[in-house]
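Undergrad: sequence? don't have it. structure:
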């Protein structure tokens, strides 16, 4: 019961609200199931040795190394690796399709979001997204290495000085989501979080304009 408490919450990867996050959550469950099967097989062999002394003694040690150390893990791990690679490929932006773009610029210990497709307006520590629409986030840094992560919407990607990394993100439903830097970046790292506001498509332009006006009014 205590472990299940970690499966929900604003920063839970197991409570997805977007296709990328759902793919990552499914990958986690598949990996957990594979690890459970492998653990059960190893535990079964261990119990057979303990409860039935002499069991398996007819097999030479080299055979045990090949079967138990190579063949048994390969039966589980190779399919998991293949599935993980396929799942990772599905998270990459598709070539030839250009959705709206937002620039996420990190610096100690603030996130600035610029919207080139919306007159290059900017918001601070608040990212606005339209619901049901894929958006490409161009992530960069002005000082040290940070990381952009909204667990319920997509995987994480590093913000590297002098380099722009791309992450496609999509939220299924309007609401408020939490994001954070999960790469240690200095003494203020714990405070480097941001809010993602997902608006209905019809409300998105007005909500973004209001947030940008608030950012301009701040000292």
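TA: Perfect, thanks for sending it. What you see is a predicted model; the values in this text were computed from it and never measured.
Undergrad: And the next helix or strand past the strand or helix carrying residue 37?
TA: Taking DSSP states H and E as the definition, one finds residue 37 inside helix 19-51. Counting by DSSP H and E, the next helix or strand C-terminal to helix 19-51 is helix 61-64.
Undergrad: Give me the mean pLDDT for that next one.
TA: Mean per-residue pLDDT for helix 61-64: 75.
Undergrad: SS state for residue 214?
TA: Three-state assignment for residue 214 (DSSP: H, G, I helix; E, B strand; the rest coil): helix.
Undergrad: Now do the same contact list for it.
TA: Neighbouring residues of residue 214 by Cβ atoms under 8 Å, 6 or more residues apart in numbering: residue 123. The C-beta positions use only the backbone N, C-alpha and C, and glycine is treated the same way.
Undergrad: quick revisit: in terms of secondary structure, what does the helix holding residue 37 contact?
TA: Contact here means 3 or more Cβ pairs under 8 Å, 6 or more residues apart in numbering; DSSP states H and E; on that basis helix 19-51 packs against helix 72-90.
Undergrad: List of residues touching the helix it packs on?
TA: 23-24, 26-27, 30-31, 34, 37-38, 41-42.
Undergrad: Residue 132 contacts residue 198, correct?
TA: No. Between residue 132 and residue 198 there is no contact under Cβ atoms under 8 Å: 9.0 Å.
Undergrad: Between those two, tell me which one has more neighbours.
TA: Using other Cβ atoms under 10 Å as the criterion, residue 132 and residue 198 rank with residue 198 on top: 24 against 14.
Undergrad: partner strands of the helix or strand harbouring that one, parallel or antiparallel?
TA: With the criterion set as DSSP H and E, the secondary-structure element containing residue 198 is strand 193-199. Taking DSSP bridges as the criterion, strand 193-199 sits next to strand 126-130 (parallel), strand 175-180 (antiparallel) in its sheet.
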